[in-house]
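1. using only what follows, build the 3D model:
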Amino acid sequence: MNFFLKLKGMIKKFFLLLLIISLYSCQSVKDALSGKKYESSDEFLVIKKNPLVLPPDFNELPEPEDSVSMSREESIEAEIDDIVSSMKSEKNLEIEVKNSTSNSSTEDFVLDQIKN
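-> Sure thing, here's the model as predicted:
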C-alpha cells in the first residue's frame, strides 16, 4: 500500500513536470509569464514628410497669357466659328422639325387605324 501511494505521487509529479515542460515550450506562454509586451509593428505608422518647398527657378517660369488679350485675327476666327456652328445648328433644327411633322402624321395614321 505504501508503494501505491509513492507510485501515485510519482505519477502526479511526472504529469506536473510534463505539463510545465509543454507549457514552457510554447512561446506565447513564455511571453505571458515573463510579462513581455507585444512588439508594435510599423504597419500603420505614418511616415512624416518634409514640408513643401518652392523650386529654385520658380520666378523664371512664364506667366499664362490673358484670354482677354486675344489678337484681332484670333477674335475674328472665333466669331466666324460661332457663326458657322449656329448655322449648322439651325439646319439641324429645320431637319428635326421636318422629321417631327412626318412623325406626327405617322402617329395620326396609326391612331386612325386603331380607332377603325
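
2. Glu94 versus the most centrally placed residue in the chain, what's the distance?
-> Note on the chain: the residue nearest the mean C-alpha position is Phe44, at 18.5 Å, using C-alpha atoms, centre = their mean. From Phe44 across to Glu94, the span is 66 Å (C-beta to C-beta, to the nearest Å). Any C-beta I mention is one placed from the backbone N, CA and C, and that applies to glycine too.

3. pLDDT score for the residue nearest to the centre of the chain?
-> At Phe44, the model reports a pLDDT of 70.

4. and it, which of the three is it?
-> coil (DSSP: H, G, I helix; E, B strand; the rest coil).

5. any idea of the mean pLDDT for stretch 18-34?
-> The average pLDDT within stretch 18-34 is 76.

6. wait, I meant stretch 47-57
-> Mean predicted confidence for stretch 47-57 is 83.

7. need the longest helix for this structure.
-> helix 72-115 (DSSP state H).

8. how far does that helix sit from the chain's center?
-> 43 Å (C-alpha atoms, centre = their mean, to the nearest Å).

9. number of residues surrounding Asp23?
-> Residue 23: Leu, not Asp. The tally of other residues near Leu23 (other C-beta atoms under 10 Å) stands at 13.

10. got the domain ranges for this protein?
-> Using automatic domain parsing, the domain parsing of the chain gives 1-34, 72-116.

11. dump those to TSV, plus distance to Pro51.
-> Formatted as TSV, the domains of the chain follow (distance: least, C-beta to C-beta, whole Å):
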stretch	distance to Pro51
domain 1-34	41
domain 72-116	42
